[in-house]
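A.B. asks: Below: sequence and its predicted model.
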Amino acid sequence: MTETDPSRPFDETEALAWLRSQPNGRITASAAELSRQWGWNRMRAGRRLRAWQNAGYIQRNAEEIVVTTSVTPAVTEAAGLPYEANVTRRSMSPVKLAAFIVALVLACVSAAFSIDGLTAIFAGAFWPVIIMGAALEAGKLVAAAWLTENWRSAPPLLCLILVVMIAVLMGLNAVGVFGFLTKAHLDHMANVDLALADRTAETEARLAIQTETVADLDRRIAQIDAAIEESTRLGRPVGAMTIADQKRRDRADIVASRQREAQALAALRIEKVKTEADRRRAEADVGPVRYLAELIGMPATDLERSVRLLTLALVAVLDPMAVALLLAAGAHSKPAKFR
């Protein structure tokens, strides 16, 4: 083994190139010996050797290390790219690329919903919440991608801290998305209920007034007819005719008014029927939620609980799916073993 005393610690590309420079790409050395050669600590050398073995760059048999020749470093260095970065780029399959794109789309949708929900909670700081939410979402995705690339080589404490931070940010994202979806549902139901309640109250009030108007006109007509009938019954037809002549014009005007008011009353009754039809259509909009409640064994009238469960289900998969796909897109597949 060639002894070296580097003035600075090797980076990972230089350490792998040093292994390749050994005779026939073979060397027998422990992780402690290699760490002294590369200017590393023993723990880092052990983690990188395991990572290179899992990635297929080297083969290990006890302390014997054999550098594989499946990837030529000269080609990568000629392209001006680090060896491991180029290997990672070439190993990006169409499925991983699709997973990466879908992860970004899901992350953007989840972030938009979450930030909108947080702005509803902290309405007094609209733009600061948007800036903070966008920065936290970006930090979460970058942390997940970094963990995928450096899980085996990073210090365990740093990995633990990042995992906890990602979990906390996913929880905050879930709170924001839950707030956004719940607010959208409640706003829609409140607007429908208020609109229909206003129309119903107005129609009922106009209907009551119109009913009283028609009833008053009916009483006035009945009074005129009763006076004429009473004069006739008492044997005073001349007086009855005189009353009839005096009240004929008044009665005709009252009858005409009564017909107009009766038509208005009929129109109000039709409007009331239409309002009830609108209410039934609004209830039909939540029909799927009612069926969902019945499907999971809840009372069909308890729609709010069903909506909350559906919202929780969406929250539980939206952001975690984005993070999981991002991890899957950056994960290194183990090379297939052929016998």
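C.D. replies: Nice, I can see it.

A.B. asks: what about the helices in the protein?
C.D. replies: Assigned by DSSP state H, the chain shows helices spanning 12-20, 31-38, 42-55, 73-78, 83-90, 94-121, 126-150, 156-233, 237-285, 287-295, 303-330.

A.B. asks: between those, which one is nearest to Val66?
C.D. replies: Distance to Val66, taken as Cβ to Cβ, is lowest for helix 12-20 among the helices of the chain, at 9.2 Å. In short, each C-beta sits where N, CA and C put it, glycine included.

A.B. asks: Can you give the distance of that closest one from its chain's centre?
C.D. replies: The chain centre lies 46 Å from the centre of helix 12-20; the measure is Cα atoms, centre = their mean, to the nearest Å.

A.B. asks: ok, Asp253 - contacts?
C.D. replies: Applying Cβ atoms under 8 Å, 6 or more residues apart in numbering to Asp253 gives no contacts.

A.B. asks: Ok, Thr68 next?
C.D. replies: Gly56, Tyr57, Ile58, Gln59.

A.B. asks: before we move on, the earlier item: mean pLDDT lowest where, among the helices of the chain?
C.D. replies: If those are sorted by mean pLDDT, helix 73-78 sits at the bottom with a mean of 41.

A.B. asks: mind listing what's buried in stretch 215-227?
C.D. replies: Neighbour-count burial for stretch 215-227 flags Leu217, Arg220, Ile221, Ile224, Ala227 (criterion: 16 or more other Cβ atoms under 10 Å).

A.B. asks: Adding distance to Thr68, write those out as CSV.
C.D. replies: As requested, the buried residues of stretch 215-227 are exported to CSV (distance: Cβ to Cβ, whole Å):
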residue, distance to Thr68
Leu217, 104
Arg220, 109
Ile221, 109
Ile224, 114
Ala227, 119
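
A.B. asks: Out of the residues you listed, name the two that are farthest from one another.
C.D. replies: The span of those, defined through Cβ to Cβ, is set by Leu217 and Ala227 at 16.2 Å.

A.B. asks: can you list the domain ranges for this structure.
C.D. replies: The record's domain split for the chain, according to automatic domain parsing, is 12-90, 93-339.

A.B. asks: Drop anything exposed from the contacts of Thr68.
C.D. replies: Among these, those scoring as buried are Gly56, Tyr57, Ile58 (criterion: 16+ other Cβ under 10 Å).

A.B. asks: and the closest residue to the last one other than its chain neighbours, how many neighbours does it have?
C.D. replies: Once its chain neighbours are removed from consideration, Ile58 has its nearest residue in Trp52; the separation is 4.7 Å (Cβ to Cβ, 6 or more residues apart in numbering). Number of residues near Trp52 (other Cβ atoms under 10 Å) recorded here: 23.
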